[in-house]
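> give me a model of this one.
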Amino acid sequence: MRIGVDRPGRTGRAWRAYAALIVCLAGFALGPSAACRAQENPLDNVQTPAPPPPAKSHDPDSETQKPIVDRGASGTVAGTMRDARLRVDVNLVRVPATVTDPINRLVTGLEKENFVLTDNNILQTIRYFSSEDAPISIGVVFDLSGSMATKFVRARKALTEFLRTSNPQDEFFVVGFNDRPSIIVDYTSDPDDVEARMVMLKPENRTALIDAVYLGIDHLRQARYDRKALLIISDGGDNRSRYTESELEHVVRESGVQVYSIGIFDSYASSTEEQMGPELLKEMCESTGGRLFNVGGDTAALQDIATRISAELRNEYVLGYTPSEVKRDGSWRKLKVRLAPPPGLPLLTVHFREGYYAPSQ
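Numbers count the residues shown, from 1 in each chain. Have a look, this model is predicted:
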C-alpha cells in the first residue's frame, strides 16, 4: 500500500480563445457599431427560463422527496424538479469521500479497511470501494456581476486551469450569471469551447447567485455520469435571486451533487448580502462533501486553487454499502464516515456528504 500527498502541477493554456479575439478585431474593421455588437454581453439577450421552485414540504408521500444517491432517468432543462426521480439503488448506496492531512493536502493510497461508515448511527459493511479517477459531470457556476470586473481575467484563467487538469473524459457546462442565470456553454469535454465563449463576456449588473446554483443543479439532471459536481466561482453574496437559501438547501440535499466553491471575497463587505456570502457557500459545500476555498484579495492564488479542486475530484474515495435498515419513508438519513488510518500517519480529516433522503416508496 502506498499513501501519498498530492501536489498538483500546472498545464498549458487554451489557444482557441484567439479565434474569438479575431472576431472582435473584425468587428472594429467593419466600424464602431459592428464592434459594439460583437462586444455585447450574451446574458443581456438570454431567454433561458429560471428553474421552478422546489417543494417546501418534507412530506414522505411527496413526489419531491426522493433520495440523493444514484441518478434515475434524466429530464429536460424545461422540466421541473419533480421530474428528477432520483433514487437509491436498493443494493448499493455510494458515498464519495476526500481525505486531507493537517496542512490541508490531499491524501491518497488508503484502503477500504481504513474507513468506518454509519447510516443513521448504524454501522454498515463497506461492500464497494474505489479510488480510481472515474469520469465526472461538472457544472461551473461563474459570477459575471459587476463586482467581478477587476477579478474577471484571473477568474477566467482559473476556470481554464481547472478544466485542463480534469479527467479528459469529464464533461462540463458553464452557467454564467449576473441579474439572472443562463447556460452559456452547454455540455462539452473541450476546455477550448469554454475559453472561446468566456473571452466574449463582461461583468456587469447585480448578483443572482442562488438562482444560478439552482439552474446548475437542475441542468446536471441531464448528466452522462452518475458522479456529479458543481464548481462555483463568485465574489460573494446574493442580491437578486427569486429563490431563498432554504429552498436551495433542500434542492442541493436532494440532488446528490457535490459542491465546491472558489470565494473571491473582499476584505470589507458593504452589505448584509455580501457579509452572508461566505457562510452561504461554506454551508452548501460542506453539506455535500465539497469545500469552500477562500481566495480573499489574493487573486493570484486562483489558478492554484482551481488545480487543487480538480485534483480532489480526481482522487476521491467512493464507499458503497447496502443499508442494513431500509425504511421507505422519505426521511433524511444521516451519514458519518470515520477514519481508521494505518499507524504512523498524522491526524487526517475526511470530507463526506452529510446524508440522503430514503426512498418514499
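> show me the shaky parts of the stretch 201-350 of the chain.
269-271 (pLDDT under 70).
> recalculate using a threshold of 90.
Where the stretch 201-350 of the chain drops to pLDDT under 90, the residues are 235-240, 250, 254, 256, 264-280, 295-301, 324-330.
> where do the strands sit along it?
Here the stretch 201-350 of the chain has its strands, by DSSP state E, counting those that start in this stretch, at 228-234, 258-263, 292-294, 317-321, 332-339, 349-352.
> give me the contact list for the fifth one.
Think strand 332-339. Identification of contacts with strand 332-339 by CB atoms under 8 Å, 6 or more residues apart in numbering yields 58, 95, 97, 99, 110, 114-121, 253, 319, 323, 348, 350, 352-358. Heads up, the C-betas are built off the backbone N, CA and C, glycines and all.
> then stretch 279-296?
Taking CB under 8 Å, 6+ apart as the rule, stretch 279-296 contacts 96-98, 209, 213, 229-230, 232, 234, 237-238, 245, 248-249, 252-253, 257-265, 267, 278, 301-302, 305, 308-309, 312, 351-354.
> try it again with 6 Å
The contact list for stretch 279-296, computed with CB atoms under 6 Å, 6 or more residues apart in numbering, reads 96, 252, 258-265, 301-302, 305, 351-354.
> off-centre distance for it?
10 Å (CA atoms, centre = their mean, to the nearest Å).
> can you tell me which of the contacts of strand 332-339 are in strands?
95, 97, 99, 115-119, 319, 350, 352, 355-357 (DSSP state E).
> now, of those, which are buried?
Burial by neighbour count, 16 or more other CB atoms under 10 Å: within the ones in strands among the contacts of strand 332-339 this picks out 95, 97, 99, 115, 117, 119, 319, 350, 352, 355-357.
> thinking again about what came up before, now the ones in strands among the contacts of strand 332-339 as CSV including distance to P341?
Formatted as CSV, the ones in strands among the contacts of strand 332-339 follow (distance: CB to CB, whole Å):
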residue, distance to P341
V95, 18
A97, 13
V99, 8
F115, 9
V116, 11
L117, 15
T118, 18
D119, 22
L319, 15
V350, 10
F352, 15
G355, 24
Y356, 25
Y357, 31
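> farthest pair in the residues you listed?
Pairwise distances across those (CB to CB) peak at 25.8 Å, for the pair V99 and Y357.
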